[in-house]
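# Predicted coordinates and the sequence they were generated for:
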Amino acid sequence: METIGNWWMWAGFTVLVIVALIVDLLVMRQQGAHKVSFPEALRWSMIWIALALAFNGLLWWYLDGVHGREFANVKALEFLTGYVVEKSLAVDNIFVFLMIFNFFAVPIEHQKRALIFGVIAAIVLRALMILLGAFLIAKFHWVFYIFGAFLLITGIKMATGGDEPPDLEQNPVIRWVRKHMKITAEFDGEKLTTIRNGVRYATPMLLVVLMIGVTDVIFAVDSIPAIFAITTDAFIVLTSNVFAILGLRAMYFMLADMADRFHLLNYGLAAVLCFIGIKMLIMDFYKIPIAISLGVVFVLVAGSMVASLMIPAKERA
């Protein structure tokens, strides 16, 4: 398995993530249940982005001293490109999270807690998927072509409206939980379970957390192969992915109220998937430079958002 990470780099990153999550949980506990305002979400989003950039800066500094400037520049650019790709594709998660919260009628002051539990579950599950993907790519090079074809097909389906909104009422996870657990009809604050007449019940909040975790894994099937098109280094893949997920909650509260305004964003994300899929399919013949990949992803996502603001949905052809 290709990686620049040694044992202390893996351990240090793990400690960093755990400390960041603990601080986040402590701040959330101190603040109590409340509606997250746009300025608060923006501040937290900037904090997570700054943390990711600081980590990348330290990584560059270490690699520059050990392996040289050119190697350090390549790896730092790989991290940045992977981070931008994951951050961009995570926007799709936000729209589905909004649908989940609306379906379960989650009070807005309790959405923050549901998201943080979902983020923790997503980090664990994505780490397992990334390590498995890195192992498969190291052993079987042809997996690249499968990933590339899958991303290309997914992008085309997204652009042509092939992805229908999921029917949560028929979701197998929800149906299984409802069949095997006693669930209350109403929330009990932010609790995942509650006691009624001496019997423990699950609350709808537990279903919400499970759905957020499952949804992220489903979207990871698209995003994880995408980042392997940027780099096959397991350490770069995992760290950039996790940093993107850490900022997902803050990004949700920034964009949730503006979801309807970015009606063309799906086309931008579809184009990103198609571009990365093609990059994987032709990589044995021509390797698109990382800097160009970063520029293309930025232009596609930013361009679709700007176009959404300039072209009202009702005027779309």
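Okay, I see it. Numbers count the residues shown, from 1 in each chain.

# in the chain, which spans are helices?
Assigned by DSSP state H, the helices in the chain fall at 7-31, 38-66, 69-104, 111-139, 143-159, 172-180, 204-228, 234-246, 248-255, 265-281, 290-310.

# ok, of those, where does mean pLDDT dip lowest?
Looking at the helices of the chain, the lowest mean pLDDT belongs to helix 172-180 (a mean of 76).

# Quick one: work out the angle between it and helix 69-104.
Relative orientation of helix 172-180 versus helix 69-104 (axes from the mean of the first three to the mean of the last three C-alpha atoms, to 10 degrees): 50 degrees.

# and helix 172-180, what does it pack onto?
When contacts are defined as 3 or more C-beta pairs under 8 Å, 6 or more residues apart in numbering; DSSP states H and E, helix 172-180 packs onto helix 204-228. Every C-beta, even on glycine, is put in place using the N, C-alpha and C of the backbone.

# Sort out which residues of the helix it packs on are buried, please.
Residues of helix 204-228 classed as buried by neighbour count (16 or more other C-beta atoms under 10 Å): 204-217, 219-220, 222-228.

# do stretch 46-63 as well
47-49, 52, 55-56, 59-60, 63.

# Tell me the one among the residues you listed nearest to Lys191.
For the buried residues of stretch 46-63, the residue nearest Lys191 by C-beta to C-beta is Trp48; the value is 26.8 Å.

# any idea how far the closest one lies from Met251?
According to C-beta to C-beta, to the nearest Å, Trp48 and Met251 sit 8 Å apart.

# do Trp10 as well
Counting by C-beta to C-beta - Trp10 and Met251 are separated by 26 Å.

# more neighbours, the two?
Met251 (21 against 15; other C-beta atoms under 10 Å).

# and the more buried one, what does it touch?
Applying C-beta atoms under 8 Å, 6 or more residues apart in numbering to Met251 gives the contacts 41, 45, 87, 90-91, 94.

# residue furthest from the geometric center of the chain?
Asn197 (39.8 Å; C-alpha atoms, centre = their mean).

# Now that one: phi and psi?
Main-chain dihedrals, Asn197, degrees, to the nearest 10: phi 50, psi 40.

# now do Lys35
Main-chain torsions, Lys35, degrees, to the nearest 10: phi -80, psi 130.

# Show the pLDDT at it.
Looking at Lys35, its pLDDT is 77.

# now Met258
For Met258, pLDDT reads 67.

# got it, and the one 5 residues further on?
We have a pLDDT of 78 for His263.

# Can you get me a residue count around it?
17.

# ditto for Ile183
By other C-beta under 10 Å, neighbour count at Ile183 equals 15.

# so what's it bridging to?
Ala202 (DSSP bridges).

# That one against Pro204, yeah?
Yes. The criterion here is C-beta atoms under 8 Å, and Ile183 meets it with Pro204 at 6.9 Å.

# so how far is stretch 138-155 off the chain centroid?
20 Å (C-alpha atoms, centre = their mean, to the nearest Å).

# Ser88 reaches Ala270, doesn't it?
No. Contact between Ser88 and Ala270 fails when scored by C-beta under 8 Å: they sit 11.6 Å apart.

# With adjacent residues omitted, what lies nearest to Thr231?
Glu78 (4.1 Å; C-beta to C-beta, 6 or more residues apart in numbering).

# Would you mind measuring from that neighbour to Ala229?
11 Å.

# Also Leu265?
21 Å.

# So between these two, which is more surrounded?
Of the pair Leu265 and Ala229, Ala229 is the one with more neighbours under other C-beta under 10 Å, namely 24 against 20.

# All set, thanks.
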